[in-house]
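Novice: Sequence plus predicted model, see below.
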Amino acid sequence: MITTMHRIILSSLFVFIGITAFAQMPAILTLEEESRIKDEWLSKRVEHILPDLMRREGIDMWLMISREYNEDAVLKTFLPSNWLSARRTTMLVIYDNGEELETLACARYDVGSVFQKAWDKESQPDQWAALAGLIAERDPQRIAINRSEHFGLADGITSYHYDKLLEALPEKYDERLVNGERLAIGWLESRLPEEMTAYRQIMRIAHQIIAEGFSEQVITPGITTTDEVVWWYRERVRELGFTAWFHPTVDVQRADPDNTESQRNFSGRPSEAIIQPGDLVHVDFGITYLGLNTDTQQNAYVLRPGESEVPDYLVAAHQKGLRVMDILTSQFKTGRTGNEMLLAALEQAKSEGLEATIYTHPIGYHGHGAGPTIGLWDQQGGVPHKGDYPLYPNTAYSIELNNALFLPEWNKRIRIMLEEDAFFDGESCRYIDGRQTELYLIPRPLAGHGE
């Protein structure tokens, strides 16, 4: 087990090996710099993305209503960066007058620089009546609210607020209220060019953290456990000033017949194991930075005494996993649904003798983001509703899947589990910061050192 002293030694080691590890870590913004960039992005998104989305969906007014600490997932993405939550009851009104968007806050104060205060409590003490007045003045024909049966991210209005809205509005507007599901999803899934430029740096940081964890800097074969590596990742994320949007997993597959990791149900976490020479080690890891998320699964091989490279049979197994990724990303076409892409990719993989399982999801503001679901691990025949949503340009995805195969060298089946984040620009799907094409080695071979 890693003792407290062991951790101190590891921390000290990082200081002295900075030239080999930390020199590769990309620059990380200060909180102030990050805040400024996020606010700039929000203004550009409202100016360049939102009008087209509202007109695409035929919506001329969008209402978002939330209370402090019970925020609508979509409304949170409209708050200024120095608002860590909504305040009191926050009401945002976005109105398309045909020429430009009005962005109003039926609140006691401006909501950042985007939403201008539009409620004078002294002249109208009732906030709901003030909201009804703003709506009546503009007389919209289709008013979107965030209600959805199937997309949780688009179902942000509470039952109480919905009832209050119906109570406050003149009756003629009741039939003009429409579910803003596709508008909400479109807003959450669409990415600015500026966001994608930064996303590469965010992904590079995530890749670098994985590489550090999958090295002799963290793993001592025969001593370090998989759970200790998991907690190292959590501590490293905190040390760098980020957050993890899910608890990582680290697991091993090995020739030992008692190791059944390849049969584990994905609904359960892997069992703790001591990492040994000859292990195939796998991590599932993600960070949140600049309001965007990463989700990555990569693999490493622990060298046995006398080995200096990954055995050929594991190299070949990894390549088959990469082939499944290629098959899936070749299916990305504007307008195709998640289910259409899933079934076409699985059919092609099967024709090539691959045993693929695909469970790819959108990513962006949320780790399991808004957009088309392309399979779930336990729904390989298609995913109702979420899988029926179409693919749009300028959206990002975690290309997540595995390929199962039998290894004669281990006399057992294994799974090559892979995940890398990618961007679809409307023409092709490319990896935001590349993907792992070769397994990491633990320990890394030293230059000039041979057998």
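Specialist: Nice, I can see it.
Novice: Next, give phi and psi for the residue lying closest to Asn70 once chain neighbours are set aside.
Specialist: Spatial nearest neighbour of Asn70, chain neighbours left out: Thr158 (6.9 Å); criterion: Cβ to Cβ, 6 or more residues apart in numbering. The way it works is simple: take the backbone N, C-alpha and C, and place the C-beta from them, glycine included. Thr158 adopts backbone torsions of phi -80, psi 160, taken as degrees, to the nearest 10.
Novice: And the pLDDT at Thr158?
Specialist: Predicted confidence (pLDDT) for Thr158: 95.
Novice: same check, this time on Glu420
Specialist: Value for Glu420, per-residue pLDDT: 98.
Novice: and it, how many residues sit next to it?
Specialist: 24 (other Cβ atoms under 10 Å).
Novice: Three-state assignment for it, please.
Specialist: At Glu420 the chain is in strand, as set by DSSP: H, G, I helix; E, B strand; the rest coil.
Novice: Make residue 1 into 6 and carry on from there
Specialist: OK, 6 is where the count begins now, so the last one is Glu425.
Novice: Now do the phi/psi pair for the nearest residue to it once chain neighbours are set aside.
Specialist: Leaving aside its sequence neighbours, Glu425 sits nearest to Arg440 (Cβ to Cβ, 6+ apart; 4.1 Å). Main-chain torsions, Arg440, degrees, to the nearest 10: phi -140, psi 170.
Novice: since we're on Arg440, how many residues are nearby?
Specialist: 17.
Novice: residues in contact with it?
Specialist: Counting by Cβ atoms under 8 Å, 6 or more residues apart in numbering, Arg440 touches 327, 330, 423, 425.
Novice: pLDDT weak spots in the stretch 306-455 of the chain?
Specialist: Scanning the stretch 306-455 of the chain with the threshold set as pLDDT under 70 gives 452-455.
Novice: For it, just list every one of the helices.
Specialist: Ranges of helices in the stretch 306-455 of the chain, per DSSP state H, counting those that start in this stretch, are 317-334, 343-356.
Novice: Can you add distance to Val183 and give the ones you listed back as TSV?
Specialist: As requested, the helices of the stretch 306-455 of the chain are arranged in TSV below (distance: least, Cβ to Cβ, whole Å):
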stretch	distance to Val183
helix 317-334	34
helix 343-356	23
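Novice: Looking at those, which is nearest to Lys417?
Specialist: With Cβ to Cβ as the measure, helix 317-334 is the member of the helices of the stretch 306-455 of the chain nearest Lys417 (12.0 Å).
Novice: tell me the secondary structure for Arg239?
Specialist: Reduced to three states by three-state DSSP, Arg239 is helix.
Novice: roughly how far apart are Gly431 and Gln384?
Specialist: According to Cβ to Cβ, to the nearest Å, Gly431 stands 27 Å off from Gln384.
Novice: Check Gly103 too.
Specialist: As judged by Cβ to Cβ, Gly103 and Gln384 stand 42 Å apart.
Novice: just Pro198 next, same as before
Specialist: From Pro198 to Gln384 the distance is 34 Å (Cβ to Cβ).
Novice: The two: who's more crowded?
Specialist: Neighbours were counted for Pro198 and for Gln384 using other Cβ under 10 Å; Gln384 has more, 15 against 10.
Novice: list the contacts for the more buried one?
Specialist: Neighbours of Gln384 in contact, by Cβ under 8 Å, 6+ apart: Gly392.
Novice: Try it again at 6 Å.
Specialist: By Cβ atoms under 6 Å, 6 or more residues apart in numbering, Gln384 lies in contact with nothing.
Novice: Show me what it bridges to in the sheet.
Specialist: Counting by DSSP bridges, Gln384 forms beta bridges with Leu381.
Novice: And it, how close does it get to Tyr394?
Specialist: From Gln384 to Tyr394 the distance is 15 Å (Cβ to Cβ).
Novice: what do you get for Phe247?
Specialist: Per Cβ to Cβ, Phe247 is found 29 Å from Tyr394.
Novice: domain ranges for this protein?
Specialist: 9-31+198-447, 55-193 (automatic domain parsing).
Novice: Present those domains as JSON lines; the columns should include distance to Asp44.
Specialist: Formatted as JSON lines, those follow (distance: least, Cβ to Cβ, whole Å):
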{"stretch": "domain 9-31+198-447", "distance to Asp44": "10"}
{"stretch": "domain 55-193", "distance to Asp44": "5"}
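Novice: Which one of those lies nearest to Lys43?
Specialist: domain 55-193 (4.3 Å).
Novice: and Asp160, what does it touch?
Specialist: With contact taken as Cβ under 6 Å, 6+ apart, Asp160 is in contact with 152-153.
Novice: how about a cut-off of 7 Å?
Specialist: 151-153 (Cβ atoms under 7 Å, 6 or more residues apart in numbering).
Novice: so which of these is the most crowded?
Specialist: Asn151 (26 neighbours).
Novice: Quick check: closest non-adjacent residue to that one.
Specialist: Gly161 (4.0 Å).
Novice: Which of the helices or strands spans Val79?
Specialist: helix 78-81 (DSSP states H and E).
Novice: Okay, buried residues for that helix please.
Specialist: The neighbour-count check on helix 78-81 (16 or more other Cβ atoms under 10 Å) flags 78-81 as buried.
Novice: centre of the chain versus it, how much separation?
Specialist: Distance of helix 78-81 from its chain centroid, counting by Cα atoms, centre = their mean, to the nearest Å, is 16 Å.
Novice: if you average pLDDT over it, what comes out?
Specialist: 96.
Novice: Show the secondary-structure elements that that helix is packed against.
Specialist: Packing partners of helix 78-81 (3 or more Cβ pairs under 7 Å, 6 or more residues apart in numbering; DSSP states H and E): strand 66-72, helix 186-194.
Novice: can you do 10 Å?
Specialist: strand 66-72, strand 94-101, helix 186-194 (3 or more Cβ pairs under 10 Å, 6 or more residues apart in numbering; DSSP states H and E).
Novice: Keeping just the C-alphas, turn the first one into CSV.
Specialist: Extracted C-alpha coordinates of strand 66-72, given in CSV (Å, rounded to 0.1, in the frame of the first residue of the first chain):
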residue,chain,number,x,y,z
MET,A,66,-39.6,33.7,-27.2
TRP,A,67,-37.6,31.5,-24.8
LEU,A,68,-38.4,31.6,-21.0
MET,A,69,-36.0,30.2,-18.3
ILE,A,70,-37.0,30.4,-14.7
SER,A,71,-35.0,29.1,-11.7
ARG,A,72,-34.4,29.6,-8.0
